[in-house]
Structures are given as structure tokens and as C-alpha cells.
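**Q** prediction below, plus the sequence it came from.
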Amino acid sequence: MFSRKSMTEEATVRWEKYRHRINYSADNEDSASEIEALTNGSNTRLLCIAAGGGRVLNLLVNRSKEIWAVDVNPCQCYLLELKIAALKSFNYQEFISFMGIAPSLDRVDAYHAVRSELTAEAASFFDQNILDVEKGVIFQGNLERFFGLTSKVVHLPLFDQFRRLFEFDEIEAQREYLDQKWNSLIWRGLKHALCRKTFLYLVADDPGFLRYLPKKLPIHEVIFNCLHRYLYNNLAKENHLLSLIVFNRYVNEPSVPHYLHRDWFDQIKTALQTAEIKIINTMIGDLVKETPEETFNGFSISDIASYMSQPSFYALLDEIIRTSKKGAKLCARRCFLPLQLPERYGELVRRNSELEQKYARHDHAMVHEYLVGDIRCGN
Ligand SMILES: C[S@@+](CC[C@H](N)C(=O)[O-])C[C@H]1O[C@@H](n2cnc3c(N)ncnc32)[C@H](O)[C@@H]1O
């Protein structure tokens, strides 16, 4: 499905190496942000990056009628197919057991019960990777396996202070604890052990979220500053991503992503009966280029801006604007650095700085900056 042209663009070359495996299997962003940013009439036809599939499913909370879920990596598309098939077929307990959140002895049997709902390519992929299904597919992405390692480090007795963050129920008490411990030798050790650029390059093996950052940016400092900003304003125990990083599982049931949440599950399952979800394996840039003007009411493009050069991102934004219906909503993220726009976008993208600041402070992804707003609102 790749066009030759996009495969030669420098911003896209890297994905080729990483498109034979699931890179992201959980839902590590905080869909509450997208659910809020893309509400109010933006739900008719959405364009979403698929990634682990969670955000696409969570956006059904807004009663979205049609979602185009696009991903350059076919394995991410297969994963979304599998999650949809399982959601449609299973009840809540069966679903979370199949995903790997609750124990199960029969995930392979469960897989065979839904296999016929998958495309031949997706079925063949999971047949070949049946061990991932057996272990619970939600924790088998490359990033989630990396969290297996971070959780082992954080579980060393030395880092007990860090794990204790999950015991707080009151933000004031958590802040006081942070004030006492943040600069301790032990926490600084954690920063240097897990957040150094070289370590992330070598061990996390991510397709390239570090690639477009200024060379001199001290990543470990930036990550820890983001963590501090987050923990000063939000309870650690309410963060599902932090829970994976520290425990390699979800430790607090009420804080799991919407589609894994007992209270939202039935609503999302019901929405799936009528919503049309088109799963498309291509570069988002190629897809929008071939899409007619005024097609979409909303865009949820995850943090793909972190994986693109600035000119590539602006070229994508131009196509997003062209394919937007008037007043369409956009929610984009970027790791560590603000998403600045040249003046020429002033009339075309009306940014909502209140929401952008709110998400920078409270979104569970912790390290993202935001571009949230309405597109083509003027005359
Ligand atoms: C950028 S990653 C971020 C994952 C995320 N923060 C999480 O929840 O773990 C999201 C997805 O975007 C896809 N992707 C990145 N750039 C893309 C592009 N230009 N077109 C289509 N998909 C893209 C990747 O394959 C990946 O599955």
C-alpha cells in the first residue's frame, strides 16, 4: 500500500524497518484529551492514527459514526482488527482476559473463536505470532516489552521510594513527598539509568521519536521535568502509562483506558455495531493527498509529529486543512517540544490554548505538547 514516493521521503524511511512487528500494543496516550478535543459535532467522520487501536476505540465514546484508522505499520492495523473482533464477540470479562489484563487459560481458543472475523493477512500474522496472543496481546508491543524492563529496574529495592508514589490518594500528600524526594540521589539515579538518550536508543528501539529533537537537548532532564510537572498535578495511581512503566501491568482498575473499563465497555461495544471503522494501511500523508476536499470532521493524529521533520509535518497539516470540513477539530501531540505553527496558519487553525495547556499538564502521556483547535473557522 506504500507509494514509492512516500517511501523515499526522509521522514518515512525509518518505518520500513519497523513494520513487521507490533510496536505499540497498549493505549499509552490519554484518550480523555481526544474525547474532549474532538467532541461537539466533530464526530461524524474522523481520521485517526491507529497505533495500538485503543484511541480509535475510545473515540467511540463520542458516538463517532465513521472512523478512518490509518497506520503505516500493517501490524498495528492487524492489532486493531483483533481488538474490534474481540470487542464485538466477547463480554467484558472475556475481553479483558483475552487482552491479557486478567488471567486466562484459553486465549488461543478465544482467538480461534474470532479468527474468522479477521482479514486473511491479520489472521496469518496472529497465527504466526500465536505466542503473543497466548501471553495477552496488549502487552506484547515493542514499547510495552520495554516497560517490562523499566519495571524490573524500578523494582530494585533501591527504587522503593519511587513505587511508593502509587500509594497516595491526595495530591497534596503526593506533592509533599515529591518535594522531599525529587532531588534525592536515588531518583536522580533513576533518571540517569532509564532516561539517557543512549539507553533509549539502544534498548527502547523505537522507530525514531528522538530523531527530530535538537541534538543537544538533554533528554533525561526533559523527561524528568515532564514527569515532575505531571506528578505535581496528578495522582500517580491514576495514570495507566505510569502503571505499565513501573509495574508492567495495570494496577488500578478504575484508571484503565476507556475500552478496557467496565463502565465504558458496553457503550463502546454498542457503538461498534453501527459505527463504520475503515482500517487503512498507508502513510497518512498519502491517504489525505488522495482524499477529496472537505471530507473529515475531526483528526486524531497521535504524536506522529514527533516522527516527522517540520516541513513534512506542515505538508501534512496543509492536506489536513484541505480535507477538513469547516470547523473540523484537530488534536495532535508531540514529544517534549511545542508544536509551533508559522503565521500563515493563523487564519486556518484556531488553536485552543486553554485545552493545549490543560493536556500538557494533565494528559497521562506526560511528555507531550499539543496542537488542539478548530480548522477553517473563518469566512
Ligand atoms: C507515532 S506512534 C506513537 C504511539 C503512542 N504514543 C502510544 O500510544 O504508545 C503511533 C503510530 O503512528 C504510526 N505512524 C507514525 N507515522 C505515521 C505516518 N506518517 N502515517 C501513518 N502512520 C504513522 C506508527 O506506526 C504507530 O503505530
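**A** Happy to help now that I have it. Numbers count the residues shown, from 1 in each chain.
**Q** which residues of this structure fall in strands?
**A** Under the criterion DSSP state E, strands of the chain are mapped to 45-49, 66-70, 276-280, 296-300, 324-335, 349-351, 368-375.
**Q** okay, buried residues for the shortest one please.
**A** Along strand 349-351, the positions that meet the burial threshold by neighbour count (16 or more other Cβ atoms under 10 Å) are 349, 351. (Each C-beta comes from the backbone N, C-alpha and C, glycine too.)
**Q** strand partners of that strand, parallel vs antiparallel please.
**A** Applying DSSP bridges, strand 349-351 is found paired with strand 368-375 (antiparallel).
**Q** once you drop chain neighbours, what's closest to G373?
**A** Take G373 and drop its neighbours on the chain: the residue closest to it by Cβ to Cβ, 6 or more residues apart in numbering is R351, 4.2 Å away.
**Q** return the set of buried residues in stretch 353-360.
**A** By 16+ other Cβ under 10 Å, the buried positions in stretch 353-360 come out as 355-356, 358-360.
**Q** of those, closest to C226?
**A** For those, the closest approach to C226 (Cβ to Cβ) belongs to A360, at 8.9 Å.
**Q** output the set of residues of the stretch 251-379 of the chain in proximity to the ligand.
**A** Those residues of the stretch 251-379 of the chain that sit near the ligand, judged by Cβ under 6 Å from any ligand atom, are 283-285, 302-304, 307.
**Q** what of the stretch 101-250 of the chain?
**A** Taking Cβ under 6 Å from any ligand atom as the contact definition, the stretch 101-250 of the chain meets the ligand at L143.
**Q** so where's the stretch 51-200 of the chain shaky on pLDDT?
**A** Residues of the stretch 51-200 of the chain meeting the criterion pLDDT under 70: none.
**Q** ranges for the helices of it?
**A** Listed from the start of the chain, the stretch 51-200 of the chain has helices (DSSP state H, counting those that start in this stretch) covering 54-58, 74-89, 92-99, 107-114, 120-128, 130-135, 142-154, 160-163, 171-181, 185-194, 197-199.
**Q** likewise the stretch 251-379 of the chain?
**A** Counting by DSSP H, counting those that start in this stretch, the helices of the stretch 251-379 of the chain are 262-274, 284-289, 310-322, 353-362.
**Q** just put these in CSV and tack on mean pLDDT.
**A** Shown next, in CSV, are the helices of the stretch 251-379 of the chain (pLDDT from 0 to 100):
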stretch, mean pLDDT
helix 262-274, 96
helix 284-289, 96
helix 310-322, 94
helix 353-362, 97
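**Q** if you compare these, which one is most tucked away?
**A** Highest mean neighbour count among the helices of the stretch 251-379 of the chain (mean count of other Cβ atoms under 10 Å): helix 284-289, with a mean of 21.
**Q** which elements pack onto it?
**A** Helices and strands touching helix 284-289, as assessed by 3 or more Cβ pairs under 8 Å, 6 or more residues apart in numbering; DSSP states H and E, comprise helix 4-8, strand 45-49, strand 66-70, helix 310-322.
**Q** adding distance to A26, write the ones you listed out as TSV.
**A** As requested, the helices and strands packed on helix 284-289 are arranged in TSV below (distance: least, Cβ to Cβ, whole Å):
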stretch	distance to A26
helix 4-8	27
strand 45-49	15
strand 66-70	16
helix 310-322	25
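**Q** my guess is H362 contacts N234, does it?
**A** Yes - with contact defined as Cβ atoms under 8 Å, H362 counts as touching N234 (5.8 Å).
**Q** nearest to the ligand: which residue in the stretch 101-250 of the chain?
**A** Each residue of the stretch 101-250 of the chain has a distance to the ligand, by Cβ to the nearest ligand atom, and the smallest belongs to L143, at 5.5 Å.
**Q** give me the number of residues near that residue?
**A** Other residues within reach of L143 by the criterion other Cβ atoms under 10 Å amount to 19.
**Q** how close does it get to C75?
**A** In this structure, L143 lies at 13 Å from C75, with Cβ to Cβ, to the nearest Å as the measure.
**Q** now do S31
**A** S31 sits at a distance of 21 Å from C75 (criterion: Cβ to Cβ).
**Q** contacts only, for F199.
**A** A193 (Cβ atoms under 8 Å, 6 or more residues apart in numbering).
**Q** next up, the contacts around L46.
**A** By Cβ under 8 Å, 6+ apart, the contact list for L46 reads 38, 59, 64, 66-68, 296-300.
**Q** mind running it again at 7 Å?
**A** With contacts defined as Cβ atoms under 7 Å, 6 or more residues apart in numbering, L46 is in contact with 38, 59, 64, 67, 296-298, 300.
**Q** if we can go back for a sec, nearest to E176, out of the helices of the stretch 251-379 of the chain?
**A** Each of the helices of the stretch 251-379 of the chain has some distance to E176 by Cβ to Cβ; the shortest is helix 353-362, at 19.1 Å.
**Q** just the CA trace of the closest one, in PDB.
**A** These are the backbone C-alpha positions of helix 353-362, laid out as PDB (Å, rounded to 0.1, in the frame of the first residue of the first chain):
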ATOM      1  CA  SER A 353      -4.500  27.200  24.200                       C
ATOM      2  CA  GLU A 354      -6.600  26.500  27.200                       C
ATOM      3  CA  LEU A 355      -7.000  22.900  26.200                       C
ATOM      4  CA  GLU A 356      -3.400  22.600  25.000                       C
ATOM      5  CA  GLN A 357      -2.100  23.800  28.400                       C
ATOM      6  CA  LYS A 358      -4.600  21.600  30.200                       C
ATOM      7  CA  TYR A 359      -3.400  18.500  28.300                       C
ATOM      8  CA  ALA A 360       0.300  19.400  28.700                       C
ATOM      9  CA  ARG A 361      -0.300  19.400  32.400                       C
ATOM     10  CA  HIS A 362      -2.800  16.500  32.900                       C
END
